[in-house]
Each structure stands twice: as structure tokens, then as C-alpha cells.
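Asker: The following block contains a protein sequence and its predicted model.
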Amino acid sequence: MNAKPLFSAALLLASNGLLPGAQTLESAYRTNGPAVQASFESVRDLLQSSSAVIQRGRKEIAYGTVISADGFILTKASELGDINGLTVTVGEKIYTALAKLAEDPAWDVALLKIPAEGLVPVSLAVDSPDPARGTWVVANGATSRTRRRPQVGIISATAREIEPAGGAVLGVTLEEKSKKLRVTEIHEKSGAKTAGMKTGDIIVAAAGKKVADREALGKVVAKLRVGDDLDLTVQRDGKKIEMKVRLAGRADLFGEEKTRNDSMSGDFSERRSGFPRVIQHDVIANAAGMGGPLLDLDGRCLGMNIARANRCETFAIPAGDLKSLADRLISKGAGK
């Protein structure tokens, strides 16, 4: 790891006569101050050329990670919304024509394409192990129209899966009566709706097992994960119908329960759980800062920021997983 930026920052502190035990630190020498920021200028240049700023009008809604010279960009899917009217800035050039080619709900990642050539893709650290705790990292901070500003932090936890908040659900409301499970409401974004389930259907079997109450159905669902398919048998108008329902995350359908820590955490991501694997760092960020690259001090891309979880935790998709995801999405979007 290149320690030059850290050494430079240390010299700045020493030259100003600031001791480790001091109670205050002049703003210029704090981690986001101009004097320390200057120590990371080489990494800032990479943020400038290899990250994208996605805006709706003058409002930033997400960042993006440039993964190819010809305009493929990865970003956080749930922050995009309707892509009509969005602009993408790479370097100092603004692109008004863009297309969303593919999306991966499990990772909450979308693949965008802009009409560009000669871009500078990130250098993914796919041949390196996951970064150890304490590793210095750099990500996009606030940006002006033409200039990125780096934010500095460290890896703060070992790479791991982030379970979906609330677990997996069918996305239906059930009425339990006379030893029958009747569907009374179906969430519009649920796998049950996609599978063709209707209100009034009676669920009689799940994964090949007869179910007649919520407890029996719950035991079956509890063994599965978000994104798994559950084979159901429902009774409708005297006929049995087989269907395959993809389970969703409870938080994705109904939102997460807010905690006291959330009320002090600022602008965290609406989707911040249910990721197959992440690395965690403490770079100060907000929801609109997700989708951009996470770099080490040598400018290698360790991953892509995917969720601001709370005031001190930000999640990023590790480089190896990001490479596989990018290849899969590009292949999926090739026909569009």
C-alpha cells in the first residue's frame, strides 16, 4: 500500500505543531480539510476520470463507477427512478443521452450506457484479497459541477453478507379461518403478484407440504432466503393452481423500522440491507453518494459503494463480486 498520502498528511500536522493529544485541530488539517485533501490529489484525479455524477436537474441522486472505455457505468439501482431527464457527468463532460440496459435486484445495481469513447475505467483489485480492517480508502465526497472531492476513511469490518432486514416474505396478507389460509391482499411489488396470485386464493401447500395456518407456512418460508423461489399450490374457484413465487425482503416491500440511531444518522440509503457480500468502511457519505468507486491509496478500485447504512457505516460491493456482476449485466444488456 502506498503510504505517501498518509506521510504527507502527518508532515502537515507536525509542521503546524499539532500534537496527537491536542483537543482541537484547525479545519484545514482535518480529514476533509484542504491541506489534507491535497495529499490525496493523485487519487482525486482517478475519482475525476473514473467516477460519474448522476443528476436530475441540479440535484445529485447517485454516483456511478466507470467500468469500460466505451461508456458502461454501474450505479445503485434504487436511487435512479425514471431515467428520463437524468444526466451523467464523467470528468467534466455532461452526457444527456443514456440508457439503462440491465439491473440486478439482489445487489441493487443497474448498468447504464452513455455514448462515450476513451473513458478511463476503474482498475478493479480482483486479484487481491478483501481489504483488511484499518486499510485506508477514498471515495467521492461532495462535488462541484466539474471537480470531485475525495473523502477519506478506513475499512472498519470484515467482508460479510448483510441479511435482509425483516427476512424473506411472500408479500401477501392472509386471513386464517376454518383451517384455511385465504389471501386478502397482495403487495404490488411482490413475487406473489408477479406469479399471478389473486386475492381470494387459498394457499394449500408450500414446497410440497400441506399448510393450513400461518405458523406452518412461516416455518417453510423461514428456511428460505430473499430471492429464492417457493413452490406454492393455491385453490381458486375449486381448482388447484401451481405457481412459483420469488421471495422478497420485508424491508424492500414495507420499509425498515427506524431506530434511534437512524434518527441521528443523516441521509442513509432507503435500501441498505439484503446484499450477498459487502466490505464496510467509515467514509462520511449520504444516500446520493452511493454508486461510486471505493479506491485504495494506490488508486485501485476495491469495490463500489452501495449503501449508506447509518452515521458510521457504509457498504461497498467487493471488487471481485463487482467484476462478476458487471460481466453478467453487460451480457444481459447486450441485446438491448
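Answerer: Sure thing, it's come through.
Asker: In stretch 247-255, which residues are buried?
Answerer: For stretch 247-255, the neighbour count (16 or more other C-beta atoms under 10 Å) marks 247, 248, 249, 250, 251, 252, 253 as buried. The C-beta positions use only the backbone N, C-alpha and C, and glycine is treated the same way.
Asker: same deal with stretch 105-119?
Answerer: Judged by neighbour count using 16+ other C-beta under 10 Å, the buried positions of stretch 105-119 are 105, 107, 108, 109, 110, 111, 112, 113, 114, 116, 119.
Asker: now it: how far from the chain's centre is it?
Answerer: Between the mean C-alpha point of stretch 105-119 and the mean C-alpha point of its chain there is a distance of 14 Å (C-alpha atoms, centre = their mean, to the nearest Å).
Asker: oh, and call the first residue 225 from now on, that's how I've got it
Answerer: Right, with 225 as the first residue, what we last looked at is stretch 329-343.
Asker: could you give me the average pLDDT of it?
Answerer: The average of the pLDDT scores along stretch 329-343 is 95.
Asker: count of residues packed around residue 447?
Answerer: The criterion is other C-beta atoms under 10 Å. On that basis, residue 447 has 10 neighbouring residues.
Asker: scratch that, residue 399
Answerer: Based on other C-beta under 10 Å, the number of other residues close to residue 399 is 12.
Asker: quick one: it and residue 423 touch, right?
Answerer: No - no contact is recorded between residue 399 and residue 423 when judged using C-beta atoms under 8 Å, the distance being 10.1 Å.
Asker: shared neighbours, these two?
Answerer: Shared between the contact lists of residue 399 and residue 423 (criterion: C-beta atoms under 8 Å, 6 or more residues apart in numbering) are residues 407, 408.
Asker: Please enumerate the strands of the stretch 275-424 of the chain.
Answerer: Across the stretch 275-424 of the chain, reading from the start of the chain, the strands by DSSP state E, counting those that start in this stretch fall at 275-280, 283-290, 296-300, 310-314, 317-319, 323-328, 333-337, 360-364, 374-386, 392-393, 396-401, 404-410.
Asker: Pop the domain breakdown of the chain in here.
Answerer: Structural domains annotated on the chain: 233-386+492-557, 392-476, as defined by automatic domain parsing.
Asker: Show me which helix runs longest in this protein.
Answerer: Determined from DSSP state H, the single longest helix within the chain is helix 543-557.
Asker: which strands and helices sit next to that one?
Answerer: Packing partners of helix 543-557 (3 or more C-beta pairs under 8 Å, 6 or more residues apart in numbering; DSSP states H and E): strand 296-300, strand 323-328, strand 333-337, strand 525-534.
Asker: The longest one versus strand 374-386: what angle between them?
Answerer: In other words, strand 525-534. Taking axes from the mean of the first three to the mean of the last three C-alpha atoms, to 10 degrees, one finds strand 525-534 and strand 374-386 inclined to each other by 80 degrees.
Asker: pLDDT weak spots in the protein?
Answerer: 225-248, 252-257, 260-261, 366-370, 478-490, 559-560 (pLDDT under 70).
Asker: can we see that at 80?
Answerer: Low-confidence segments of the chain, defined by pLDDT under 80, span residues 225-265, 365-372, 388-391, 450-451, 473-492, 558-560.
Asker: List the buried residues for the longest helix of the chain?
Answerer: For helix 543-557, using 16+ other C-beta under 10 Å, the buried residues are 543, 544, 545, 546, 547, 549, 550, 553, 554, 557.
Asker: hang on, isn't residue 519 packed against residue 270?
Answerer: Yes - A contact is recorded between residue 519 and residue 270 when judged using C-beta under 8 Å, the distance being 6.2 Å.
Asker: what touches both of those two?
Answerer: Contact criterion C-beta under 8 Å, 6+ apart; residues bridging residue 519 and residue 270 by contacting each: residue 346.
Asker: Same drill for those two, tell me which one is more crowded.
Answerer: Counted by other C-beta under 10 Å, residue 519 and residue 270 do not tie: residue 519 has more neighbours, with 27 against 21.
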